[in-house]
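Visitor: Generate a structure from the sequence data that follows.
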Amino acid sequence: MPPAVVLVTGVSRWLGGALAAELAADPSVERVLGVDTVTPGPEALRRLGRTEFVRADIRNPLIGKVIAAAGVDTVVHMNISSTPGGSGGRTSMKELNVIGTMQLLAACQRVPSVRRLVLKSTSAVYGASPRDPAVFTETMQARRVPGGGFAKDSLDIEGYVRSFARRRPEVGVAVLRFTNFIGPRIDSLLTGFLRMPVVPTALGFDARVQLLHEDDAVAVLVKATTGDFAGTVNVGAGGTVLLSQAIRRLGRVPLPLPEQAMAPLGRLTRQARITDYSPEQLRFLNFGRVVDTRVLREEFGYTPRYTTAQALADYGRTVVPVVDRDVVGSVVQTAEATVGRLASVWSSLSQRSAPTPVGGLRAVRDA
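Guide: Numbering: from 1, shown residues only. The predicted structure follows:
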């Protein structure tokens, strides 16, 4: 049975607005309410169609009156910030993410009309460390529990959602753990990082990156909102790319730096408002993260249209290369070949200069 009245938080951001617009275009959905503290721009408002925008703060208990008065039966929680800079600092970010979610869930618990809750979560809850498995399944936990920031907030939020599900077992709850978004229109942390002309990387590290195209993200959210799936599901595209490959394919210039220099550089880029990367996100750029998507395909019932490589290529259409991609590839291949030859020469010299075995010396003396 399709939802009658849907409330979507965070509609001033691209993804929340895109979801609300898709739902508003569905004639089977009677009413769509879009909630945010910031009014969308004129173009975003036009895109929302018949969505009714409500300027409200989910940290305020008044959000319960909005849900009750409209008779909302489906709530999609998208208003979760991943950047302190975009939220007015880490304190404001935590209040919005954690306190805001608690107030929203308390309102949903009190309103009997609510029968479905969809949470936009993240695969960052699995953390990033050198001890990680090749792929994370939904039943796994982080090998290194995130100590702060967006990932820690997301862990807390998922815990509150599980508690809500125990208190309201008749409500269908879907938790969507998305990998990194990418695409021509969405603005994410990774797109901002890869848009820099010179991309700093940690020397000796080359992370595996799994992406999700913005169109697939919207399609999954629509299906989760209008469907009946309940549970937790990893949402990511098929395949992976190495961070070095992504940088090269976008025509950026890689800048390998000692690992110790990455954290100070991250603070500098945040202060200069170039890109907002926290220590947890820098660990992701070192070690990467890949999730298993069997549940997405077999139980949730969705196969992404774009692979990771195709999603990266579609984003690349909007990025002007700093240097020609073929030139970058040629330089990298030449460097790799040079390193390989040097390693071969070094190995040969090492073998020649190796000490003669004791048995050999005895044989010479006996002769």
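Visitor: quick one: low-confidence parts of this protein?
Guide: Across the chain, the ranges flagged by pLDDT under 70 are 83-90, 270-277, 324-367.
Visitor: let's go with 90 and repeat that
Guide: Flagging of the chain using pLDDT under 90 yields the residue ranges 1-2, 41, 79-96, 143-152, 187-190, 192-193, 196, 257, 259-283, 319-367.
Visitor: any idea where the strands of it begin and end?
Guide: Along the chain, the segments classed as strands by DSSP state E run 5-9, 31-36, 52-55, 74-77, 116-122, 172-178, 180-182, 198-202, 208-209, 211-213, 231-235, 241-242, 253-257.
Visitor: Which of those strands sits closest to residue 311?
Guide: Nearest to residue 311, of all these, is strand 211-213, at 3.9 Å by C-beta to C-beta. Placement of C-beta: from N, CA and C, glycine included.
Visitor: Work out the gap between that closest one and the centre of the chain.
Guide: Centroid separation for strand 211-213 versus its chain: 9 Å, with C-alpha atoms, centre = their mean, to the nearest Å.
Visitor: ok, and what's touching that strand?
Guide: Residues outside strand 211-213 that contact it (C-beta atoms under 8 Å, 6 or more residues apart in numbering): 178-183, 190, 235-237, 241, 304-306, 308, 310-312, 314.
Visitor: picking that back up, can you tell which of the strands of the chain is closest to residue 65?
Guide: Among these, strand 52-55 comes nearest to residue 65, with 10.7 Å by C-beta to C-beta.
Visitor: As PDB, could you dump the C-alpha coordinates of that closest one?
Guide: What follows is strand 52-55, C-alpha atoms only, in PDB (Å, rounded to 0.1, in the frame of the first residue of the first chain):
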ATOM      1  CA  GLU A  52       4.500  21.700   0.700                       C
ATOM      2  CA  PHE A  53       7.600  23.300   2.300                       C
ATOM      3  CA  VAL A  54       7.500  23.700   6.100                       C
ATOM      4  CA  ARG A  55      10.200  25.800   7.700                       C
END
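Visitor: Which neighbouring elements make contact with that strand?
Guide: strand 31-36 (3 or more C-beta pairs under 8 Å, 6 or more residues apart in numbering; DSSP states H and E).
Visitor: now the strand it packs on and strand 5-9, what's the angle there?
Guide: Per axes from the mean of the first three to the mean of the last three C-alpha atoms, to 10 degrees, the angle that strand 31-36 makes with strand 5-9 is 20 degrees.
Visitor: Pull up the pairing partners for strand 31-36, direction included.
Guide: Applying DSSP bridges, strand 31-36 is found paired with strand 5-9 (parallel), strand 52-55 (parallel).
Visitor: from the middle of its chain, how far away would the first one be?
Guide: Read it as strand 5-9. Distance of strand 5-9 from its chain centroid, counting by C-alpha atoms, centre = their mean, is 22 Å.
Visitor: got a list of contacts for it?
Guide: Identification of contacts with strand 5-9 by C-beta under 8 Å, 6+ apart yields 16, 19-20, 23, 29-36, 51, 58, 66-67, 70-79, 104, 113, 225.
Visitor: hmm, back to that, from the contacts of strand 211-213, which would you call buried?
Guide: Taking 16 or more other C-beta atoms under 10 Å as the criterion, what is buried in the contacts of strand 211-213 is 178-183, 190, 235-237, 241, 304, 306, 308, 310-312, 314.
Visitor: Looks like residue 29 contacts residue 1 (just checking).
Guide: No - Residue 29 lies out of contact with residue 1 (C-beta atoms under 8 Å); the separation is 11.5 Å.
Visitor: In terms of packing, which of those two has more residues around it?
Guide: More crowded of residue 29 and residue 1, by other C-beta atoms under 10 Å: residue 29, with 19 against 9.
Visitor: OK, contacts around that one?
Guide: Contacts for residue 29 (C-beta under 8 Å, 6+ apart) come out as 2-4, 6, 23, 226.
Visitor: quick one: it from residue 239, how far?
Guide: Distance of residue 29 to residue 239, given as C-beta to C-beta, to the nearest Å: 33 Å.
Visitor: likewise residue 198?
Guide: Per C-beta to C-beta, residue 198 is found 27 Å from residue 239.
Visitor: With residue 282 instead?
Guide: Between residue 282 and residue 239 the computed distance is 24 Å (C-beta to C-beta).
Visitor: And for residue 158?
Guide: As judged by C-beta to C-beta, residue 158 and residue 239 stand 26 Å apart.
Visitor: ok, now residue 308?
Guide: According to C-beta to C-beta, residue 308 stands 5 Å off from residue 239.
Visitor: Equivalent analysis for residue 294, please.
Guide: Residue 294 sits at a distance of 15 Å from residue 239 (criterion: C-beta to C-beta).
Visitor: What of residue 77?
Guide: Distance, residue 77 to residue 239, using C-beta to C-beta: 29 Å.
Visitor: out of these two, which sits in the busier spot?
Guide: residue 77 (25 against 16).
Visitor: I'd assumed residue 103 was in contact with that one.
Guide: No - if you go by C-beta under 8 Å, residue 77 and residue 103 don't touch, sitting 11.2 Å apart.
Visitor: for the stretch 251-367 of the chain, what spans make up the helices?
Guide: Applying DSSP state H, counting those that start in this stretch to the stretch 251-367 of the chain gives helices spanning 259-271, 279-287, 294-295, 308-316, 325-352, 358-366.
Visitor: Which residues does the third one contact?
Guide: The contact list for helix 294-295 (C-beta under 8 Å, 6+ apart) reads 137-138, 231, 233-234.
Visitor: Would you mind giving these as JSON lines with neighbour count added?
Guide: Shown next, in JSON lines, are the contacts of helix 294-295 (neighbours: other C-beta atoms under 10 Å):
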{"residue": "137", "neighbour count": "13"}
{"residue": "138", "neighbour count": "18"}
{"residue": "231", "neighbour count": "13"}
{"residue": "233", "neighbour count": "24"}
{"residue": "234", "neighbour count": "25"}
